[in-house]
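1. need coordinates for the below:
(one chain, ligands or ions: 2)
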Amino acid sequence: MPSMEQNGPRNTTQTRKQKPVLKLSNQPRGAADAISRREIVKKQRESLPIASVKERLVQEVKDHDVLIIVGETGSGKTTQLPQFLFNAGFCPNGKVIGITQPRRVAAVTVAKRVAEECGAELGQKVGYSIRFDDKTSSSTRIKYMTDGLLLREALLDPYLSRYSVIIVDEAHERTVHTDVLLGLLKNVQRARLKSVIDHAVVNNKKASNGITKEEEKGAELTNFLKQCQRKFPPLKLIIMSASLDARLFSEYFGGARAVHVEGRQHHVDIFYTLHAETDYVDAALITIFQIHLEEGPGDILVFLTGQEEIEGVERLVQEQLQKLPEESRKLVTVPIFSSLPSEQQMRVFMPAPAGHRKVILATNIAETSVTIPGIKYVIDPGFIKARSYDPVKGMESLIIIPTSKAQALQRSGRAGREGPGKCFRLYPESEFEKLEDSTKPEIKRCNLSNVILQLKALGVDDIIGFDFLEKPSRAAIQKSLEELFLLGALTDDCKLSDPVGHQMARLPLDPIYSKALILASQFNCLEEMLIAVSMLSVESIFYNPREKSEEAKTAKKCFASPDGDHLTLINVYRAADELLQKRRMELGIEKNEKNIKGKNEKILRKWCRENFINSRSLRHACDIHSQIRGHVEQMGLPISSCGDDTLQFRRCLAASFFLNAALKQPEGTYRALASGQVVQIHPTSVLHQSKVQCVIFDELVQTSQKYIRNTTRIDYLWLTELAPHYYAMQG
Ligand code: CDP
Ligand code: MG
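-> Ligands and ions are numbered 1, 2, ... in the order given. This is a model prediction of the structure:
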């Protein structure tokens, strides 16, 4: 058991008296329940800290075209501000208020909540739009979306003319998309203003033809400008952040106005472990039960690093529960992570059944993006999964790194929203002092090829000269330009190539995946590549519970292809698809579509359970598949299958993933050819411990070792044949 040392209120947040926060009782059942729920939601809204400064905030937005709002998490910024603005008439002539979120889950769950608060059906007045999922309509006025999606919209509508207000939320997260979006919005604001002035000048010239006096001409112009501004209102830009440091954003926007919205925070006791933990997952598990068995009522929030870890802990908790006496088993687990199917996401907001305690297993999404009511205990192992990029080697990898101090404070704050709470940091106090103050912005630690491709498509040719909030290193920009050039997306003079570069920019995927799809249409294996790319876009299709490890391995063998993981994933997808096809034929006589869907879901879940397949991930992959297929069809790429000729498919992988090729070394490890790094095939790969000489891989993951994940066997000679511009050059 991790021994905990209490450290008084030194690192705790301040105590302040607050109005009691209303808790939702159980889910509504009948009409009366619906009314009472509406009442409760209304009261909850009125009791949020932001409600008391509504008029002031609306006035600030009226007075300033750029406004920065800093506010404590849970104060009501994301859910309330768009509604205040809508009610204050900020959507003239059908214009839309857009709110960007760095995370898909936040966009979806908040949109659902706000739709409920407005008493509107989701997708009508309030909607959301995220990659591969759009719930908006022509009547949508409050639109939540990911920052990446708004960037994509700018490709089709460079003035973002549908929007009257854009709120860039969670700006402190500093995702690469948020950073680029801010630069873009600055340009959009300027361009819109310029078009208003141009319009006014032209019209004024016409109207003032007969006027001779200069001052009358001036007055006329001012008059026109006002008229034009009414007709084309400027784009209001609001930047919202949970971090107290608004200076960077304010300076970037020429000294823009910043306001602070106060939250309410109760006292949180912080506990540290006495010694460093060797296995934080294990320590988290022990702490969950320690709280469950020894502490008073209140839900637990555990911060983990990703889906796989969350699902692992979920199973371990279930397993441990079975060992407890009946009366101690009243504990329910609820996961929350980015790729969780949207209908399951709302479960975190529902109260646990009476007498039960809820354990929320979350990624850092629950740090500031999503506020979950009812939390009294926070378990913080102190880690996050982050992208890391080495511009010299051109290698991006996913690594598990310690959180920053700012993140640790945000996490502990989650325990004190509704009353005093406790936070268990699973590391010694001395480690806290060593943490970085804040996390390095993503733009400084990721591969930029995706962003550069989009900026180029938006007409920004001089990437180094682009007005970034914080400039990425020149080396990183150059390496990414080089990668795009090698993929054929850029011409010699660094312009988007036609058609490949333009096609790649249109696909909402990583440039290498887009290239693989484009090439696959030439290699007659687009059917297969669509499946592979969809399956690679989700985390962990297979699961391997500790206690049934052997069974899981045997199940996986049924799908395994000796050629590697890509074909193995395709086998899984096809097996599931066949199962459903068969069922559809059997159930064909049933009239009720909904019934069929429900039954199919059940069958699929059972099949997944038996085969140790993650049904959540598989369903997500199916959604992605149908979306990308739509894009590819629209682009007119011929879709055909290579059938049993999987050689074609593997050659196509070699032709597109050639930058991710690795060659076996005499001592058994592999060497990534582009970067020269020594890597190993990940233990979850079907090629782990095989004797394959050359592979391509999907990603590099760094834990204690450098692992390549999702690998497929290729012939070394294909590299010089299919990517001569790179491999012939290397000699
Ligand atoms: O953006 P900020 O962190 O300031 O707060 P918010 O996300 O607007 O949340 C305000 C309140 O709405 C919190 O009390 C949340 O618990 C609640 N909320 C909810 O109950 N269900 C959601 N899906 C989203 C928010
Ligand atoms: Mg928020």
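
2. what packs against the host helix or strand of Cys228?
-> Assigned by DSSP states H and E, Cys228 belongs to helix 214-231. Packing partners of helix 214-231 (3 or more C-beta pairs under 8 Å, 6 or more residues apart in numbering; DSSP states H and E): helix 176-207. (Each C-beta comes from the backbone N, C-alpha and C, glycine too.)

3. and the helix it packs on, how far from the chain's centre?
-> From the chain centre to the centre of helix 176-207 is a distance of 30 Å (C-alpha atoms, centre = their mean, to the nearest Å).

4. close to ligand 1: what parts of this structure are there?
-> 48, 71, 73-80, 109-110, 113, 349, 371, 373 (C-beta under 6 Å from any ligand atom).

5. in helices, which of those residues fall?
-> Judged by DSSP state H, the residues of the chain next to ligand 1 include Lys77, Thr78, Thr79, Gln80, Thr109, Val110, Arg113 as members of helices.

6. let me see the contact set for the closest residue to ligand 1 within the stretch 201-350 of the chain.
-> Residue nearest to ligand 1 within the stretch 201-350 of the chain (C-beta to the nearest ligand atom): Phe349, separated by 4.5 Å. Neighbouring residues of Phe349 by C-beta atoms under 8 Å, 6 or more residues apart in numbering: Thr109, Arg113, Ile372, Pro373.

7. can you pick the most crowded of those?
-> The member of the contacts of Phe349 surrounded by the most neighbours (other C-beta atoms under 10 Å) is Thr109, with 27 neighbours in all.

8. hang on, the earlier thing: what residues of the helix holding Cys228 count as buried?
-> Neighbour-count burial for helix 214-231, counted by 16 or more other C-beta atoms under 10 Å, picks out Glu220, Leu221, Phe224, Leu225, Cys228.

9. unless I'm mixing things up, Ser369 is touching Arg104, no?
-> No - in this structure, Ser369 is not within contact of Arg104 by C-beta atoms under 8 Å, at 10.0 Å.

10. how much space separates Tyr280 from Lys358?
-> 21 Å (C-beta to C-beta, to the nearest Å).

11. which stretch of helix or strand covers Ala352?
-> Counting by DSSP H and E, Ala352 is found in no helix or strand.

12. OK, contacts around the closest residue in space to it that isn't next to it in sequence?
-> Leaving aside its chain neighbours, Ala352 sits nearest to Lys358 (3.9 Å; criterion: C-beta to C-beta, 6 or more residues apart in numbering). If you count contacts by C-beta under 8 Å, 6+ apart, Lys358 has them with Asp299, Ile300, Leu331, Val332, Thr333, Val334, Pro351, Ala352, Gly374.

13. quick one, strands of the stretch 551-700 of the chain?
-> Secondary structure of the stretch 551-700 of the chain, counting by DSSP state E, counting those that start in this stretch: strands at 661-664, 670-672, 678-681, 694-702.

14. which elements pack onto the second one?
-> Counting contacts by 3+ C-beta pairs under 8 Å, 6+ apart, strand 670-672 is packed against strand 661-664, strand 678-681, strand 694-702.

15. what's the neighbour count on Pro297?
-> Neighbour number of Pro297 under other C-beta under 10 Å is 10.

16. compute the number of surrounding residues for the nearest residue to it once chain neighbours are set aside.
-> Excluding the flanking residues, the one nearest Pro297 by C-beta to C-beta, 6+ apart is Arg357, at 6.9 Å. Counted by other C-beta under 10 Å, the residues lying close to Arg357 total 20.

17. also Asp65?
-> Using other C-beta under 10 Å, Asp65 is surrounded by 18 other residues.

18. name the nearest residue to it, sequence neighbours excluded.
-> Ranked by C-beta to C-beta, 6+ apart and with sequence neighbours excluded, the top spatial neighbour of Asp65 is Pro234, at 5.3 Å.

19. does the one you found touch Val66 like I think?
-> No - in this structure Pro234 lies outside contact range of Val66 using C-beta under 8 Å: 10.0 Å.

20. got any residues that touch both of these two?
-> Gln189.

21. more neighbours: those two, which one.
-> It is Val66, of Pro234 and Val66, that has more neighbours when counted by other C-beta under 10 Å, with 22 against 13.
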